[in-house]
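Participant: Quick one, structure for this:
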Amino acid sequence: MKYSKNSFIYYIAFILLATLRLCISSNIINFPLAFNYSIIILVAVLFILKILLDNHNLTEYLILLVLIIFFIYIYMITKNLDFMISLLAIVAIKNINIRMIVKLDIAIKLIFLFTHGSIYLINYLLNYDAISNLIIFSSKGASHALYFSNPNTVGAIVLLLVLDFLFLKKNINKKHLVWGFLALIVSYLICRSRTPFFIYIIFIGLQFIKNIKITNFLGKYSYLFLGLITFIIINYLDSTNHILLLINKFFSNRIVYSIAAYQHYGLAILPSSAANNFLENFIIDNFYTRCFINYSVIVFLLIGIIGLKIPKKGFKLEKDIFIIICIYLFFEAVAINIGFALPLLIMGDIVLYRKNYKEVIE
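Facilitator: Below is the predicted model of the structure:
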């Protein structure tokens with residue numbers, strides 16, 4: 001296929017975005033807040049420029065204009081640039097070689113993982129006192145963040161790298177799955193982050209589902225179903241319930257935090273600024289909760305349309321990746337951020353520009 005002449009705009013925007021995402025998560029690279037905002041605004045401008053320069057008919061331009069205005073409105077209310085950028089990245093993906101984006105993502109993540117891991121290992125061996133206060137000890141053992149902001153960040157990066165590598169394979173075999181499994185085991189031994197390991201186990205299980213109808217059903221409804229489950233939990237369950245408290249321990253207090261946030265702020269039909277300060281001071285890792293109290297029900301449904309529009313034929317691997325990222329969003333809201341995670345971008349590309357996508361893959 002002929003890729004867009006404006007592809008370089010998208011590639012530059014993505015490189016800046018993916019690099020900035022990891023820089024913000026780094027304890028080694030610390031840019032001033034004003035610099036970070038300047039880069040993210042530049043990325044937004046580049047994505048919007050790419051959208052406007054693409055070939056669209058009048059109706060498409062009008063729809064895109066409405067979407068861009070709505071995305072900017074979301075930022076103005078929620079003060080969340082990351083989420084707005086992710087939505088722009090999906091819309092701007094037209095005529096872009098998605099495999100090139102995945103390769104760029106792999107390169108950037110590997111560079112950060114290797115440099116941070118190497119510096120951490122050198123200090124661990126030669127200057128232990130310098131990093132001793134960075135090690136988190138718990139019943140699971142010692143957790144190492146490798147100079148990233150959180151041990152969970154390390155686990156997430158490894159999981160997303162594994163998914164990137166598998167995406168580039170035309171046919172996944174057992175050997176590929178085993179290598180991914182080993183990578184996640186090593187990751188767990190270092191950072192003690194359970195969620196990425198469990199998510200990958202689910203992914204392996206999906207590879208044994210050969211019935212395309214089951215895959216299609218899960219692909220279409222996993223996001224909406226998990227959103228509904230989240231809504232039931234935060235709206236109808238009491239945070240003092242003993243059974244819920246036992247389950248909550250397994251989810252590292254995520255459920256109780258979500259219930260407390262929802263009980264205080266309620267349901268946001270439109271983007272709401274009410275929960276902005278709460279989200280800055282408390283960890284609400286469940287993306288669905290963030291949608292219900294901050295981004296809005298409209299945004300939740302807008303993303304849900306991506307799942308509903310997944311084509312019935314083909315794209316088995318992409319659907320499996322999308323399914324597990326929907327599950328991952330129950331635990332880690334950061335997985336929605338394009339530049340840090342790519343599954344939503346990959347599926348958005350299929351839904352919005354699926355013919356082009358098939359030509360790229362084939």
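Participant: these two touch, right, Ile172 and Phe165?
Facilitator: No. With contact defined as CB atoms under 8 Å, Ile172 does not reach Phe165; the gap is 9.9 Å. In this view, the C-beta of every residue, glycine as well, is placed from N, C-alpha and C.
Participant: Show the pLDDT at the residue located most distally from the centre of the chain.
Facilitator: In terms of distance from the mean C-alpha position of the chain, Leu126 ranks first, at 35.3 Å (CA atoms, centre = their mean). Note for Leu126: predicted pLDDT of 88.
Participant: ok, now which ones touch it?
Facilitator: Going by CB atoms under 8 Å, 6 or more residues apart in numbering, Leu126 touches no other residue.
Participant: buried set for stretch 170-184?
Facilitator: Within stretch 170-184, the residues that count as buried by 16 or more other CB atoms under 10 Å are Ile172, Leu177, Gly180, Phe181, Ala183, Leu184.
Participant: repeat for stretch 301-316
Facilitator: Buried residues in stretch 301-316, counted by 16+ other CB under 10 Å: Ile303, Gly304, Ile306, Gly307, Ile310, Phe315, Lys316.
Participant: what about the third one, which SS state?
Facilitator: Secondary structure of Ile306, reduced to three states by DSSP: H, G, I helix; E, B strand; the rest coil: helix.
Participant: How confident was the prediction at it?
Facilitator: We have a pLDDT of 83 for Ile306.
Participant: which one's the longest helix in the protein?
Facilitator: Secondary structure of the chain per DSSP state H: the longest helix is helix 98-126.
Participant: contacting residues around the helix or strand following that one?
Facilitator: Per DSSP states H and E, helix 98-126 leads on to helix 128-131 as the next helix or strand towards the C-terminus. For helix 128-131, the external contacting residues (CB under 8 Å, 6+ apart) are Tyr120, Asn123, Tyr124.
Participant: with those residues in mind, which one is nearest to Phe31?
Facilitator: Tyr120 (20.2 Å; CB to CB).
Participant: And for that closest one, the neighbour number?
Facilitator: Applying other CB atoms under 10 Å, we find 22 other residues in the vicinity of Tyr120.
Participant: helix or strand for the nearest residue to it once chain neighbours are set aside, which one?
Facilitator: Nearest residue to Tyr120, sequence neighbours excluded (CB to CB, 6 or more residues apart in numbering): Leu146, at 4.6 Å. Under the criterion DSSP H and E, no helix or strand holds Leu146.
Participant: how far does stretch 261-274 stretch from start to finish?
Facilitator: 11 Å (CA to CA, to the nearest Å).
Participant: now stretch 135-147
Facilitator: Terminal residues of stretch 135-147 are spaced 10 Å apart (CA to CA).
Participant: same thing with stretch 290-297?
Facilitator: 10 Å.
Participant: Then stretch 323-340?
Facilitator: The straight-line separation of the ends of stretch 323-340 (CA to CA) is 17 Å.
Participant: Mind checking the pLDDT average for that stretch?
Facilitator: Stretch 323-340 comes out at a mean pLDDT of 90.
Participant: May I see the buried residues of it?
Facilitator: For stretch 323-340, by 16+ other CB under 10 Å, it's 323-340.
Participant: Same check on stretch 23-31?
Facilitator: Within stretch 23-31, the residues that count as buried by 16+ other CB under 10 Å are Cys23, Ile24, Ser25, Ser26.
Participant: Please determine how far the residue lying closest to the first one once chain neighbours are set aside is located from Gly339.
Facilitator: Right, the one you point to is Cys23. Nearest residue to Cys23, sequence neighbours excluded (CB to CB, 6+ apart): Ile29, at 4.7 Å. For Ile29, the distance to Gly339 equals 15 Å [CB to CB, to the nearest Å].
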